[in-house]
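**Student:** Sequence plus the predicted model coming up.
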Amino acid sequence: MTNDYTVKPVQKALQVLLCLGEEQKPLTLTEICYKVRLPKTTVFRYLYTLCQDGFVTHESAGDSYRLGLRLFELGQLAGEQLRVRDVAWPYLQSLRDQFNETVNLGMLDGAEIVYIDMAESRHSLRMQARLGSRDPVHSTALGKAILAFTPQERWPLHIPARLEPRTQQTEVSRERLYTDLLNTRQRGYALDNGENEEGTCCIGAPIFDHSGQVLYALSLSAPASRMDETQLPTIAAAIVETATTVSQRLGYRTTDDGRQTTDDRLRFDPRFGGVS
C-alpha cells in the first residue's frame, strides 16, 4: 500500500545511511551505489548533503565514506531519552496512584515541550495532552520548570519573541514570565493555573542529569476543581521529591548539606530584561 506522505528522496538517503551502518566500514561511491541500487549522481548528491551536516564523513585517502559523528550524537541523545523514561516510569506510576491524577514526563525541544511519557489518571475527566504531543514552553508547568533552572542567556532560544496566548490566563508579557521563572526557581516547582488548558491546574519540577543540566521535567495535572489551595503544598512537595529522586537515579548529586551542585541563585539582569 502506498503512502502519499512518504518523501522518496528522504527514504533513499536513509538507505545510504543504513548501508554505511550495516557494513561497519568505509565504502566507496561505487560500492554504495551497487548495494543500494541507485544511480551514482543521485547517491553522490545524498552523500554530499549528509557530509555537509555531519552525518557522513568523506575520507580523501581512499575516496570513501563512513558514518559521521553527528549520528553518534543523535544516538547518545536517543539513548539518554530512553534511559530517562525507563528510570522515571515507576515514579510516574507511584505519583499517579498516590493522587489519581495524570503525571507527565516532558522534554525540552526548542520553544516547545514534548510529552515523552505519562501515567494517566483513572478519572474520566483529565487533561487533553497525549504521548508525543507538544505544547509551548511558556504556558506549561513542564516548560517553566525546565527554563527556570536553565542559564538565562539560553532563554531567548526557547522563548519566542511573541508569546502566543493559549487561554485567557496565558502570560504574554516577557517581563512577567521572567518574574514567574524567578519565583519558580526560588520555590523549586512551576505552576500552570489554566495557562495552557482551560480549567486545568498543573505543577511541575525539573529533572537534572548527571552533569547538572535540565532537559526534562515531570508534572502532575488535574482539573482545577480537583486541586484546591489546601492540596497544592502536599502535591508540590511530592512532585519535587519525585523529581529529585529521578535526578539522583540519573547521576545528579547534591552537596553534603543538601544544596544543589548547580548555581541555584537568580538575580536581576537588565541585559535580558529580567532575572538571571
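**Tutor:** Good, I have the coordinates. Numbers count the residues shown, from 1 in each chain.
**Student:** Tally up the residues packed near the closest residue to residue 244 other than its chain neighbours, please.
**Tutor:** Leaving aside its sequence neighbours, residue 244 sits nearest to residue 205 (C-beta to C-beta, 6 or more residues apart in numbering; 7.8 Å). (Glycine included, C-beta is placed from N, CA and C.) Counted by other C-beta atoms under 10 Å, the residues lying close to residue 205 total 30.
**Student:** If residue 205 is in a bridge, with which residues?
**Tutor:** Residue 205 forms beta bridges with residue 218, as assigned by DSSP bridges.
**Student:** Assess the claim that it and residue 188 are in contact.
**Tutor:** Yes. Taking C-beta atoms under 8 Å as the definition, residue 205 is a contact partner of residue 188 at 6.6 Å.
**Student:** what's the overlap in contacts for those two?
**Tutor:** Shared contacts of residue 205 and residue 188 (C-beta atoms under 8 Å, 6 or more residues apart in numbering): residue 240.
**Student:** and residue 170, that one's in a helix?
**Tutor:** No. Read with DSSP: H, G, I helix; E, B strand; the rest coil, residue 170 is coil and lies in no helix.
**Student:** thought it was touching residue 196?
**Tutor:** Yes. Assessed by C-beta under 8 Å, residue 170 is found in contact with residue 196 at 7.3 Å.
**Student:** what sits in contact with each of the two?
**Tutor:** By the contact definition C-beta under 8 Å, 6+ apart, residue 170 and residue 196 are jointly contacted by residue 139.
**Student:** Between the two, which has more neighbouring residues?
**Tutor:** Ranked by neighbour count (other C-beta under 10 Å), residue 170 and residue 196 place residue 196 first, with 25 against 17.
**Student:** End to end on stretch 220-234, go ahead and measure it.
**Tutor:** Across stretch 220-234, the terminal residues are separated by 12 Å (C-alpha to C-alpha, to the nearest Å).
**Student:** in that stretch, what's buried?
**Tutor:** By neighbour count with 16 or more other C-beta atoms under 10 Å, stretch 220-234 contains the buried residues 220-223, 226-227.
**Student:** Check stretch 150-161 too.
**Tutor:** Buried-residue list, stretch 150-161, by 16+ other C-beta under 10 Å: 150, 152, 155, 158-159.
**Student:** Please apply the same query to stretch 132-149.
**Tutor:** 135-149.
**Student:** Report the rounded mean pLDDT for that stretch.
**Tutor:** Averaged across stretch 132-149, pLDDT comes to 94.
**Student:** Please verify my assumption that residue 88 contacts residue 119.
**Tutor:** No. At 9.7 Å, residue 88 does not count as touching residue 119 under the criterion of C-beta under 8 Å.
**Student:** Assumed residue 6 was part of a helix.
**Tutor:** No. Residue 6: not assigned to a helix; according to three-state DSSP it is coil.
**Student:** Neighbours of it, how many?
**Tutor:** By the criterion of other C-beta under 10 Å, residue 6 has 8 neighbours.
**Student:** tell me the phi and psi of it?
**Tutor:** In terms of degrees, to the nearest 10, the main-chain angles of residue 6 are phi -70, psi 130.
**Student:** Strands of the stretch 51-200 of the chain, start to end?
**Tutor:** For the stretch 51-200 of the chain, applying DSSP state E, counting those that start in this stretch gives strands covering 56-59, 64-67, 102-109, 112-119, 134-136, 190-193, 200-208.
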